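In: mind folding the following:
(4 chains)
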Number of protein chains: 4
Amino acid sequence: MKASLGFGVIGAGRIGGLHARHIAGSIDGAHLVAVMDADRQAAERAGFGNAYATGDVDRILADGTIDAVLIASPTSLHAEQVKAAAAAGKAIFCEKPIALDLAETVEAMDAVERAGVPFQIGFNRRFDPGYAELARAVHAGELGRVEMFRSQSSDPSPPPREYAAVSGGIFLDSVIHDIDTARFVVGEVERVTALGRVLVEPYLGELGDIDTSVLTLEFAAEGSAGESAAGPIGVLQNTRRTVFGYDLRVEVHCQGGKLVTEAERATNVWRYDQGGIRGDYVYYFIERFRDAYRLEVQSFVDAVRQGRRPEPGSRDAVESLRVAVAATRSLRSGQPVRVADVDVAGN
Amino acid sequence: MKASLGFGVIGAGRIGGLHARHIAGSIDGAHLVAVMDADRQAAERAGFGNAYATGDVDRILADGTIDAVLIASPTSLHAEQVKAAAAAGKAIFCEKPIALDLAETVEAMDAVERAGVPFQIGFNRRFDPGYAELARAVHAGELGRVEMFRSQSSDPSPPPREYAAVSGGIFLDSVIHDIDTARFVVGEVERVTALGRVLVEPYLGELGDIDTSVLTLEFAAEGSAGESAAGPIGVLQNTRRTVFGYDLRVEVHCQGGKLVTEAERATNVWRYDQGGIRGDYVYYFIERFRDAYRLEVQSFVDAVRQGRRPEPGSRDAVESLRVAVAATRSLRSGQPVRVADVDVAGN
Amino acid sequence: MKASLGFGVIGAGRIGGLHARHIAGSIDGAHLVAVMDADRQAAERAGFGNAYATGDVDRILADGTIDAVLIASPTSLHAEQVKAAAAAGKAIFCEKPIALDLAETVEAMDAVERAGVPFQIGFNRRFDPGYAELARAVHAGELGRVEMFRSQSSDPSPPPREYAAVSGGIFLDSVIHDIDTARFVVGEVERVTALGRVLVEPYLGELGDIDTSVLTLEFAAEGSAGESAAGPIGVLQNTRRTVFGYDLRVEVHCQGGKLVTEAERATNVWRYDQGGIRGDYVYYFIERFRDAYRLEVQSFVDAVRQGRRPEPGSRDAVESLRVAVAATRSLRSGQPVRVADVDVAGN
Amino acid sequence: MKASLGFGVIGAGRIGGLHARHIAGSIDGAHLVAVMDADRQAAERAGFGNAYATGDVDRILADGTIDAVLIASPTSLHAEQVKAAAAAGKAIFCEKPIALDLAETVEAMDAVERAGVPFQIGFNRRFDPGYAELARAVHAGELGRVEMFRSQSSDPSPPPREYAAVSGGIFLDSVIHDIDTARFVVGEVERVTALGRVLVEPYLGELGDIDTSVLTLEFAAEGSAGESAAGPIGVLQNTRRTVFGYDLRVEVHCQGGKLVTEAERATNVWRYDQGGIRGDYVYYFIERFRDAYRLEVQSFVDAVRQGRRPEPGSRDAVESLRVAVAATRSLRSGQPVRVADVDVAGN
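Out: The predicted structure is shown next:
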């Protein structure tokens, strides 16, 4: 087992900078070798200790002291950088999504598999201690079979028009996290039915997007192929506006009870005054998932050093996207869509 | 204003007995005159103070000291008793449902309207202090327009086969409470899409019923007729098994925040031991809604004495049932069903 | 066993009226025969069914159809009425306190014991489902031996000057409920040390009273006489001002964990808005203990009908008062006071 | 303002190692230069990036690239190392306590003041986001004047006999955190009265220590000198055994309401099963205060770089210890002790 993995961080924005900091000081078995960003000064600001800054991704890929790359560049660059890193034999941790296009995603994942390099996709919620405990308890069967699933996520405010225009829409941009959680906790989804509204921001409607959605899920039955009539059912509810904070809640209803993860509070202070009792809430997703951002990279490092396959990997990158594409099609058609019917021919 | 309404309670089972007790001691402006039950001894047990017991419903209807009847007999008798009481000029409080058949319900409600007697249907959740406060805040617009609604209700255990066989199915028997809450809090429903599973009790499947359901709701947009594309959306989730208790949760997501009513605890005790923190839950619906059973009758009495029209009335009896019938049809067809397309020609 | 106890309620104020209503409609095995109040109209308003109203307490005591009296008159009348009712052979339920004077209390309780009539004192918190469950779990030893106890009670606002002047001070008027809870849950108190402040209302200071207090308790060790050095310790904290509601919290720290009862919410609604999350609280003690007021009388009725000795009885009336008197003495002297040193010679 | 402070960490045990990791990757404006530990291998394990390891504290003090030292060595070395670091002109962050002896503490703090170097004592609770928010709200007067304070802290298990023998007893070792919180939130303490028991571990009694304590506090009145009769009152409750986790709760009762910080949960998962609802709790103090350990050092670095005096400083190191010594004396004498009467002549 390698004593410590040398890391090159590609992309020194908000998320990339956070990862660089974690690798420099909070991840066991890893050290920061270099930070790359097209904006050379951003790369320098994100550096720690004796890591070097560069504006050239090829320098990272050519550096023999770099064992692994963490890709946190703009989404449009992900697929190409993943393929290049795979060709260079680096272990790869890539922020989600690989691409908004299913074909492009499949192609990049195929390149990873052919190269045989370790790969992990940044579905960070899986590493939140609450989500992880919920999945652990379900997989251990502590409350028996799952009967109904629900995940509700709400962003404090809608994305700006510029971002929304290239985001792929609410299902590919935001609901995909709930989809991945559903797949992680319960299992594969066979059919989806979408319902949506534009109630928050008219410009989302102009872009063909929505801001308020309900997605019903029909999961595969355990141990049966293609027979969802006996499988669990689920609901994902998402909105782009919650004034009080970043609002996440997952409920798993099982034979023997239910498991719930609640929205996280910013502090553990309760204030009792003439308005009753009051508490605060976490507002930003980075604050909410700070531990998860660290723990997902730790898990990646542990897997690579121990020769295990990192999770979630290429299959999750493809399959969670496939469900999100199915949801988008269902919204447009007003009909249920079988996930298996979504192929790479086009979104 | 009449000083005190004389009441005849028709049906002295669990619910009728509770109502009789409330009228005898906890309702202002009402007194108990008589309790009728086909089982004369049950009628006697439910009596309080100087109320008389009888096995003959006609004696109740003919008694001039009885101003109002509270009908808590078996469902199959409701429609006939409502019509007879209306003909006798009594104010009527009737437990839900009037009938499982929409045509029969409409006919009984028409009889009530023609007779001009006060009428209230026992959708008791509207009088639970939590549900009432939630509706009040929404109607007052304290958090702005509703964008998304969710109600989740779970019974601790499925109904016995004999009851299930005549219950009309999960939507008419159980989900109708969530439907009425949705109508009460948000407004009229235009379209529903149902999804269901038999995961708890195979005999429910044999009866053509289900035990696990998701119902999506499309509400009418405020101020627009027939244009639901801009209205709120909602989800009702129901199961027939929650081992920890009677599990109710309503969430209303609005422009300015959200309102939630939680499941009720049996006591306010928290126990901290080696398993962490533990609390208990209310198990029976009668215990959960004890206050609501009292408050709904108080509201009826106040309305009758003050010459106001009681709420919820004949329209709610019909319209909540109509949505439940639409849900049942959607489950069978696998397609969305417009509520307006459900007419009295048949369920 | 007598089928139903006939009750005469003495005193038709807020509490007496509530008891009359409960006896009329919510207590099994009891019926309301008469309501007495010096204000005859108050007595009439509190009547239910065919109960008669009277302004004459002797008529109650002479009525052979009355088996039990519930005394809810002004405190200054309690001791005399208890003695008269005992002499008349009635079962007695008396609101707390019997008297503010220990000697007068002991004398009345001696009269009750000599007459051999059933007696219960209205320490209603013992019948709150939360407090009762907490005591049950402790007495069953579910978490092992008690090590530390804490009860905190806060009234929303201080008593009016007129009431405060005759109330006996915060320990006899208010903290005595926490003292009785401590005795009920943990056991007898051997020594107390009081600390107090006048921070809310200057007129309380003028009356020699306080509005903010901390009382430390040293309990008797289990199985040992007069050796408190090995017994549990406790703290009672009380204030006369909590703007958000009636604030009660009990914590029992045991070998195997802790038990907590929280302040009760008015509804189960949570509101999430720009201020975070908000909930409401119960404001009035009558609302908070509505169930306890009913359950304590039900327990009294059950005990009398079954020939058991009601609890809490004459010993609790005396001993909880004795601790409150010890606390008052400690406040004045600034020194710990042994409870056994407080005798009837004077407060 | 210096771009980045070079840090030497003295002591590479559990806490020192955590600080080294934070300085290496999570503190803005600081970098790790060296780690010293008598156990050279421990020092190496705690190193990050290009920091060097040493077994020689003098090498740290002589290194001109080291601006600040973080002292996390065994308590018995703190006072000497603080004095040596002050003489070397280093900015000093020292874990609590400086010493168990008040005279020794005062002497070290005097050395720091004479040298004029920045100094901070590691009362980390002040930097927990909940505690900090509570203090902020009180100091801002958002709920008016404080009337009553309460802090309850319970360790999951008692310290081992060897540690307990040199710990100075529960007040100096553990309750001092609650004392510092009381001083931080409310203000200076004028008088204390202690009550204690040995209920958990007999060996604590053999050492003259206790494991269960109640300490009442009389705070100085605002704006008055030596007149505590009008100041707030408080209670600290501490035990050495809570099987469910590390149990902290602070309540501040003010004119306009109360503020509470609760014990922290390990995850935000709630499990509902046949035992009701269950949640987990944080068990270790390091896990509980992980953020606080980072934030206190960040605050120190910010203050040093900006030329502000760090808080809590030498005065807090002395005064919180003085109250703890007063508590120890009160426990022994059974009498209230004025804090001002505790001078350096001896504990």
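In: alpha carbons only for contacts and neighbour counts from here, please
Out: Will do.
In: quick check: residues of chain A near chain C?
Out: A:243-245, A:272-281 (Cα under 8 Å from any Cα of the partner chain).
In: again, only using 7 Å
Out: A:V243, A:F244, A:Y272, A:D273, A:Q274, A:G275, A:G276, A:I277, A:R278, A:G279, A:D280, A:Y281 (Cα under 7 Å from any Cα of the partner chain).
In: out of these, who has the most neighbours?
Out: A:Y272 (26 neighbours; other Cα atoms under 10 Å in any protein chain shown).
In: how close does the residue nearest to A:G29 when sequence neighbours are not counted get to D:A43?
Out: The shortest distance from A:G29 to any non-neighbouring residue, by Cα to Cα, 6 or more residues apart in numbering or on different chains, is to A:S4 (4.3 Å). Distance check for A:S4 against D:A43: by Cα to Cα, to the nearest Å, it reads 18 Å.
In: compare the two (neighbour count), which wins?
Out: Taking neighbours as other Cα under 10 Å, A:S4 and D:A43 compare with D:A43 leading, 25 against 15.
In: what sits against the more buried one?
Out: When contacts are counted by Cα atoms under 7 Å, 6 or more residues apart in numbering or on different chains, D:A43 is found next to D:A12, D:V35, D:M36, D:D37, D:A53, D:T54.
In: now name the helix or strand holding the second one.
Out: According to DSSP states H and E, D:V35 maps onto strand D:30-36.
In: so what does that strand touch, helix or strand wise?
Out: Counting contacts by 3 or more Cα pairs under 7 Å, 6 or more residues apart in numbering or on different chains; DSSP states H and E, strand D:30-36 packs against strand D:5-10, helix D:14-25, strand D:52-54.
In: pLDDT (mean, whole number) over the last one?
Out: Yep, that's strand D:52-54 we're talking about. Mean pLDDT, strand D:52-54: 95.
In: next: stretch A:237-257.
Out: 95.
In: stretch A:283-300 now?
Out: The average pLDDT within stretch A:283-300 is 94.
In: by mean pLDDT, show me the worst of the helices and strands packed on strand D:30-36.
Out: helix D:14-25 has the lowest average pLDDT among the helices and strands packed on strand D:30-36, namely a mean of 92.
In: how about that one and chain A, touching?
Out: Yes - Helix D:14-25 reaches chain A (Cα under 7 Å from any Cα) through D:R21, D:H22, D:A24, D:G25.
In: which of these lies closest to C:P202?
Out: Nearest to C:P202 among these: D:H22, at 52.0 Å, using Cα to Cα.
In: from what I see, that closest one and D:R294 are in contact.
Out: Yes - in this structure, D:H22 is within contact of D:R294 by Cα atoms under 7 Å, at 6.2 Å.
In: average pLDDT for stretch A:107-118?
Out: For stretch A:107-118, the mean confidence score works out to 98.
In: how far off centre is that stretch?
Out: 19 Å (Cα atoms, centre = their mean, to the nearest Å).
In: cool, stretch A:125-142 as well?
Out: For stretch A:125-142, the distance to the chain centre is 16 Å (Cα atoms, centre = their mean).
In: stretch A:280-291 now?
Out: Going by Cα atoms, centre = their mean, where stretch A:280-291 is centred and where its chain is centred differ by 15 Å.
In: quick check: which helices or strands does the host helix or strand of A:L217 pack against?
Out: Per DSSP H and E, A:L217 falls inside strand A:212-219. Packing contacts for strand A:212-219, counted by 3+ Cα pairs under 7 Å, 6+ apart, involve strand A:189-197, strand A:233-239.
In: so what's A:A99 closest to, chain neighbours aside?
Out: Closest residue in space to A:A99, ignoring its immediate chain neighbours: A:T105 at 5.5 Å, by Cα to Cα, 6+ apart.
In: picking that back up, what about the residue nearest to A:G29, distance to A:H31?
Out: Counting by Cα to Cα - A:S4 and A:H31 are separated by 6 Å.
In: which parts of the stretch 101-250 of chain A are strands?
Out: Along the stretch 101-250 of chain A, the stretches classed as strands by DSSP state E, counting those that start in this stretch are A:119-121, A:146-154, A:189-197, A:212-219, A:233-239, A:247-254.
In: of all those, which lies closest to C:A230?
Out: strand A:247-254 (47.1 Å).
In: direction included, what does the closest one pair up with?
Out: strand A:146-154 (antiparallel), strand A:257-261 (antiparallel) (DSSP bridges).
In: strand partners of the helix or strand just after the last one, parallel vs antiparallel please.
Out: Proceeding N to C from strand A:257-261, the next assigned helix or strand is strand A:269-273, under DSSP H and E. Listed by DSSP bridges, the sheet partners of strand A:269-273 and their directions read strand A:276-279 (antiparallel), strand D:257-261 (antiparallel).
In: can you tell which of the ones you listed is closest to C:V186?
Out: strand D:257-261 (25.8 Å).
In: any chance you could list what contacts that closest one?
Out: With Cα under 7 Å, 6+ apart, strand D:257-261 has contacts from A:268-273, C:242-244, D:130-131, D:134, D:143, D:249-253.
In: for A:L100, which non-adjacent residue is closest in space?
Out: Nearest one to A:L100, counting by Cα to Cα, 6+ apart, is A:G168 at 6.2 Å.
In: now the helix or strand harbouring A:I60: average pLDDT?
Out: Using DSSP H and E, A:I60 sits within helix A:57-62. Mean pLDDT, helix A:57-62: 98.
In: can you give me the buried ones in it?
Out: Within helix A:57-62, the residues that count as buried by 16 or more other Cα atoms under 10 Å in any protein chain shown are A:V57, A:I60, A:L61.
In: picking that back up, to B:A79, which of the helices and strands packed on strand D:30-36 lies closest?
Out: Closest among these, using Cα to Cα: helix D:14-25, at 73.3 Å.
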